[in-house]
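Enquirer: Any chance you can model this:
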Amino acid sequence: MKLNSLDFLIKENDYVTSHFKNNPLKNYKKILIIGASGLVGLNILATLINFTRKFNSDLSIHCISKSKSLEKFLKTINRKNLSFFNIDITKKKLHQKYDLIIFCAGYSSPHTFTRDKNTLLVPSVGLNNTFQNLKKNGKLIYFSSSEVYNGLESNFTEKKSGDTNFDDARATYINGKKFGETLSYNKIKEGYSVLILRLSLAYGPGAGVDDKRVLNDFILKALKNDKIKMLDQGHNIRKYIFISDVIIYLFKLISKNKIGAFNISGKSKTSILDLAKMISERTNANLILPKKNQPIPGAPKIVNISIKKLNKVYKLNLLNFKDGLDKTIKWYKFLLKK
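Expert: The predicted model follows:
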């Protein structure tokens with residue numbers, strides 16, 4: 001991550017804060033973000049900083065991340081209530097209590113989560129440790145994933161989850177997320193306020209240059225190599241949602257004190273091939289289709305989750321996908337600039 005990446009996001013964040021006339025965090029004084037340097041966490045951090053400025057609040061923000069560049073940048077911000085911890089939450093605990101904890105730690109790229117053992121440990125051991133830092137009357141947000149529906153053909157609603165074989169290529173990621181949800185529901189039964197967000201394919205500024213998810217991978221290949229080389233014919237279907245829309249939904253749900261699971265997803269369906277074509281057109285990169293298919297093991301054919309429950313709480317006019325792509329390409333050009 002570039003040293004001034006967060007500054008880029010803070011300046012681009014007016015789209016989020018414009019959706020809030022009143023402070024959605026007026027009931028919270030001390031907040032912990034776990035996984036503060038990822039796509040979701042970095043945008044949450046930028047939003048919190050902008051909220052403190054817009055509403056002139058004295059919010060205390062604590063971050064957990066392994067990013068040294070984020071740590072360096074935070075030291076340049078003149079805010080006494082902003083703290084950083086570089087710790088492994090599966091091995092070490094914080095000895096503080098928080099009003100609000102946002103747990104967005106963990107891997108999201110198949111390239112990583114199919115290989116690293118922490119894919120299981122973070123949402124199990126790490127999340128269990130984190131609950132010990134939550135005040136009894138506080139709130140915890142657990143970022144799960146639409147991958148919990150793996151094995152279902154359709155009707156991806158919050159009332160169901162799929163079945164995944166233990167030897168599935170994505171089993172560690174999927175079952176880790178399910179464990180986190182099970183733990184969260186147990187805490188709800190104990191009286192804790194826990195919001196579970198089943199996020200589907202977020203994209204936008206904040207993703208890193210090492211992010212191997214297909215949309216980011218296509219943009220990086222286009223900008224670096226002037227070509228996009230696909231692994232298969234691109235027939236799989238996806239619904240993408242711009243990261244700023246995710247953050248708006250997050251704070252709307254917090255402000256309304258919702259608990260339990262909510263799907264968060266885009267609306268328009270896009271094939272992987274159409275995605276590649278759109279990026280190719282915007283970057284003038286050559287699009288190369290394979291002679292032989294080499295798809296990512298276990299990748300679902302369709303990701304199509306329902307947001308009817310979410311829309312009953314707050315209906316948002318989502319950012320147009322093509323506009324979101326333009327913003328994401330702008331972000332990666334910024335990251336790659338020498």
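
Enquirer: C-alpha from now on. contacts and neighbour counts both.
Expert: Noted.

Enquirer: Could you pull up the residues touching Ile329?
Expert: The contact partners of Ile329, taken as C-alpha atoms under 8 Å, 6 or more residues apart in numbering, are Ile219.

Enquirer: quick one: it from Val122, how far?
Expert: Using C-alpha to C-alpha, to the nearest Å, Ile329 is found at 30 Å from Val122.

Enquirer: Could you give the backbone dihedrals for Leu32?
Expert: In terms of degrees, to the nearest 10, the main-chain angles of Leu32 are phi -120, psi 130.

Enquirer: Would you verify that Lys212 is located in a strand?
Expert: No. Using DSSP: H, G, I helix; E, B strand; the rest coil, the assignment for Lys212 is coil, not a strand.

Enquirer: Give me the neighbour count for it.
Expert: Applying the criterion other C-alpha atoms under 10 Å, we find 17 residues in the vicinity of Lys212.

Enquirer: all helices for the protein, in order.
Expert: Here the chain has its helices, by DSSP state H, at 5-11, 14-17, 39-54, 68-76, 110-113, 118-121, 127-131, 171-189, 214-225, 243-255, 272-283, 308-313, 321-336.

Enquirer: For burial, what's the neighbour tally of Arg77?
Expert: I think there's a mix-up here, since residue 77 is Ile and not Arg. Neighbours around Ile77, by other C-alpha under 10 Å: 11.

Enquirer: Look up how far Lys309 lies from it.
Expert: Distance of Ile77 to Lys309, computed by C-alpha to C-alpha: 38 Å.

Enquirer: For Ser271, see how far away Leu197 is.
Expert: Note on Leu197: its distance to Ser271, by C-alpha to C-alpha, is 24 Å.

Enquirer: Those two: which has the busier surroundings?
Expert: Shown here are Leu197 and Ser271; by other C-alpha under 10 Å, Leu197 has more neighbours (25 against 17).

Enquirer: Looks like the more buried one contacts Phe143 (just checking).
Expert: Yes. Leu197 lies in contact with Phe143 (C-alpha atoms under 8 Å); the separation is 4.9 Å.

Enquirer: Let me know the average pLDDT across stretch 127-146.
Expert: Stretch 127-146 shows a mean pLDDT of 96.

Enquirer: Compute the first-to-last residue distance for it.
Expert: 19 Å.

Enquirer: now Leu134: how far from Lys256?
Expert: To Lys256, Leu134 is 19 Å away according to C-alpha to C-alpha.

Enquirer: Among these two, which residue is more densely surrounded?
Expert: Higher neighbour count among Leu134 and Lys256: Leu134, with 21 against 11, using other C-alpha under 10 Å.

Enquirer: Tell me what the more buried one is bridged to.
Expert: Judged by DSSP bridges, the bridge partners of Leu134 are Tyr98.

Enquirer: Please apply the same query to the one 10 residues further on.
Expert: Beta-bridge partners of Ser144, counted by DSSP bridges, are Arg198.

Enquirer: I'd like to know how far it sits from Glu71.
Expert: 25 Å.

Enquirer: Tell me which of those two has more neighbours.
Expert: Higher neighbour count among Ser144 and Glu71: Ser144, with 28 against 19, using other C-alpha under 10 Å.

Enquirer: Distance check, that one against Gly126.
Expert: Taken as C-alpha to C-alpha, the span from Ser144 to Gly126 is 14 Å.

Enquirer: again with Ile102
Expert: 13 Å.

Enquirer: Low-confidence stretches in the stretch 51-200 of the chain?
Expert: For the stretch 51-200 of the chain, the stretches flagged by pLDDT under 70 are 78-79, 108-118, 155.

Enquirer: switch the cut-off to 80
Expert: 69, 72-73, 75-80, 107-119, 151, 153-155, 165, 167-169 (pLDDT under 80).

Enquirer: what sits against the residue lying closest to Gly41 once chain neighbours are set aside?
Expert: Of all residues not flanking Gly41 in the chain, Gly35 sits nearest, at 5.6 Å (C-alpha to C-alpha, 6 or more residues apart in numbering). Counting by C-alpha under 8 Å, 6+ apart, Gly35 touches Gly41, Cys63, Ile64, Ser65, Phe103, Cys104, Ala105, Gly106.

Enquirer: Recalculate using a threshold of 6 Å.
Expert: Gly41, Ile64, Ser65, Cys104, Ala105 (C-alpha atoms under 6 Å, 6 or more residues apart in numbering).

Enquirer: For Gly206, state which of those residues is nearest.
Expert: Taking C-alpha to C-alpha as the measure, Gly206 lies nearest Gly41 of these, at 8.6 Å.

Enquirer: quick one: that closest one from Lys277, how far?
Expert: For Gly41, the distance to Lys277 equals 29 Å [C-alpha to C-alpha].

Enquirer: now Lys337
Expert: Looking at Lys337 against Lys277, where the rule is C-alpha to C-alpha, the gap reads 24 Å.

Enquirer: same check, this time on Leu223
Expert: Taken as C-alpha to C-alpha, the span from Leu223 to Lys277 is 14 Å.

Enquirer: The two: which has the busier surroundings?
Expert: Leu223 (20 against 17).

Enquirer: okay, the more buried one: pLDDT?
Expert: 96.
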